[in-house]
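Student: Just the structure for this:
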Amino acid sequence: MKTNKFKLLAVIGFGLSLSSFIDPAAITLKVQSVAANLQAPTAMAFPGNGRVWITEQTGKIRVMKNGKLSEVPLLDLGNQMPKLNNGYEERGLLGIALHPKFKTNKKFYVFYSVPSYGKFNHKDVIAEYKLAANEEKVEENSEKIIITADKPDGNHNGGSVQFGPDGYLYISFGDGGGQGDKHGETGNGQNLNTLLGKILRVDINTDSAYRIPKDNPFVGKQGTRGEIWAYGFRNPYRMSFDKTSGQLFVGDVGQDTWEEVDIIKKGGNYGWRLVEGNHCYNPATGCDIKGIIKPIAEYNHREGVSITGGYVYNGKSIPVLKGKYFFADWTGPAFYLKKIGSSWQRGRVIFKNLPEGMKVTGFAEDSMGELYMLTNPDTGPGNKQGNVYKIIKS
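Tutor: Numbering: from 1, shown residues only. As a prediction, the model looks like this:
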């Protein structure tokens, strides 16, 4: 005991407070089912007038109006996508975002997979669509391809599309798949001449596919892609903007041992494949971490195996969660991050009534700042037992 105590005091002497070693108390919450019998739900959008859109990995946008789920999809991209595995599968319809001026222009954006050829497994597509005048279906021939990226493997696709407070569209792309980002000499995550392993920022308010904002960090630099906002990611599957601070939070899925949460800064390098979380990966020791931005939190694979990034809670119905970043692991454990001083501390979230064995496939935030959790009982889209739960106080 003396040895442990003296070690702790020695560390405190280097500027860390005792609170750095104490996990915040667990928060107990409940969930309320709002939609069931879904085929691997991945994301949600809230277009108003009592409607909710839910994307299914198999390609459909399902419409729920006043609590009732319609059998007729708003859009079905299934015929455009590659044949998905019923078991483990990361491709498909993965993300959706409404245009900031959706109420007037009726435009929205989706992230989905299509077949590719040659050495590639598939291609990920971000496309714009527009609602028809009656708002019951998509306007015919309204698809506008914004950006695409060929992927060498079927996994690590990223899949998130979000509009920032600046009105630009942010897109998360994974490193292209496979183990260890073995793409080229440095991996796709560190290669500034590819879109893979990046967070992108583009202006879609143009007649062309998109414009690159002039203040993007790599505009005009030789051998780089101007669309890049930040780099060094493995699989940034889910990201979100905090409505209060405007900060962009990303959950980046780890390789063998560590899962991480990052706050994204303009031009930032988040380290993959040099590091996994705060730890050297390639090389396994002695990696050069100069200039790499560290995650605000990480957890070991003893607690989970694949992070599903969430949202900072800005609603009113759960005061205990206010201002905290809520997220989960794909295998089920849920967490929150609370900022204490200059550091973020991680606590557990315990749900009283969530069925066991649920895989957490995504989160969503409505116009009031309330949060929703999307689940799938299996590892892939080969079932129709997915659920959407609203998170409520205990």
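Student: what kind of secondary structure is the closest residue to E227 other than its chain neighbours in?
Tutor: Excluding its sequence neighbours, the residue lying closest to E227 (Cβ to Cβ, 6 or more residues apart in numbering) is L200, at 4.5 Å. Backbone N, C-alpha and C define where each C-beta goes, glycine included. Following DSSP: H, G, I helix; E, B strand; the rest coil, the label given to L200 is strand.
Student: Thought I147 was touching L200, still the case?
Tutor: Yes - in terms of Cβ atoms under 8 Å, L200 counts as a neighbour of I147; the distance is 7.3 Å.
Student: bridging residues for the residue nearest to E227?
Tutor: I171, I228 (DSSP bridges).
Student: Number of residues surrounding it?
Tutor: Counted by other Cβ atoms under 10 Å, the residues lying close to L200 total 26.
Student: How about E140?
Tutor: E140: 8 surrounding residues under other Cβ under 10 Å.
Student: Pull the contacting residues for it.
Tutor: E140 is in contact with A132, counting by Cβ atoms under 8 Å, 6 or more residues apart in numbering.
Student: for N376, same thing?
Tutor: By Cβ under 8 Å, 6+ apart, N376 lies in contact with 40-41, 358-359, 361, 383, 385-386.
Student: what's across from it in the sheet?
Tutor: Beta-bridge partners of N376, counted by DSSP bridges, are K359.
Student: Looking at it now. What's its pLDDT?
Tutor: At N376, the model reports a pLDDT of 98.
Student: from memory L354 sits against I391, does it?
Tutor: No - the criterion here is Cβ under 8 Å, and L354 misses it with I391 at 9.7 Å.
Student: joint contacts of these two?
Tutor: V31.
Student: Look at these two and report which has more neighbours.
Tutor: Each of L354 and I391 has its neighbours counted (other Cβ under 10 Å); I391 has more, 25 against 20.
Student: doesn't F111 fall inside a helix?
Tutor: No - going by three-state DSSP, the assignment for F111 is strand, not a helix.
Student: give the contact list for P41.
Tutor: Each residue near P41 by Cβ under 8 Å, 6+ apart is listed here: 35, 54-57, 361-362, 374-376, 386-388.
Student: Give me the pLDDT value at it.
Tutor: P41 is assigned 98 on the pLDDT scale.
Student: Going forward, the N-terminal residue is numbered 102.
Tutor: Yep, numbering from 102; the last one is P142 now.
Student: measure it to P183 for me?
Tutor: For P142, the distance to P183 equals 20 Å [Cβ to Cβ, to the nearest Å].
Student: First-to-last residue distance for stretch 268-276?
Tutor: Stretch 268-276 has an end-to-end distance of 26 Å (criterion: Cα to Cα, to the nearest Å).
Student: list the buried ones in that stretch?
Tutor: Going by neighbour count (16 or more other Cβ atoms under 10 Å), the buried part of stretch 268-276 is 269-276.
Student: do stretch 216-225 as well
Tutor: For stretch 216-225, using 16+ other Cβ under 10 Å, the buried residues are 217, 222-225.
Student: Just to be sure, which of the residues you listed are found in helices?
Tutor: Assigned to helices by DSSP state H, none of the buried residues of stretch 216-225 qualify.
Student: just curious, which of the residues you listed is nearest to G281?
Tutor: Nearest to G281 among the buried residues of stretch 216-225, counting by Cβ to Cβ, is N222 at 16.7 Å.
Student: need the contact list for that closest one.
Tutor: So N222 contacts 252-255, 278 (Cβ under 8 Å, 6+ apart).
Student: Residues contacting stretch 437-453, please?
Tutor: Under the criterion Cβ under 8 Å, 6+ apart, residues 118, 120-121, 123-132, 362, 397-398, 400, 422, 424-429, 434-436, 495 lie in contact with stretch 437-453.
Student: Give me the buried subset of those.
Tutor: Using 16+ other Cβ under 10 Å as the burial test, the contacts of stretch 437-453 include 128, 130-132, 362, 397-398, 400, 422, 425-429, 435-436 as buried.
Student: about what we covered before: closest to K208 among the buried residues of stretch 268-276?
Tutor: Taking Cβ to Cβ as the measure, K208 lies nearest L270 of the buried residues of stretch 268-276, at 10.8 Å.
Student: isn't the closest one right up against K208?
Tutor: No - using Cβ under 8 Å, L270 makes no contact with K208, being 10.8 Å away.
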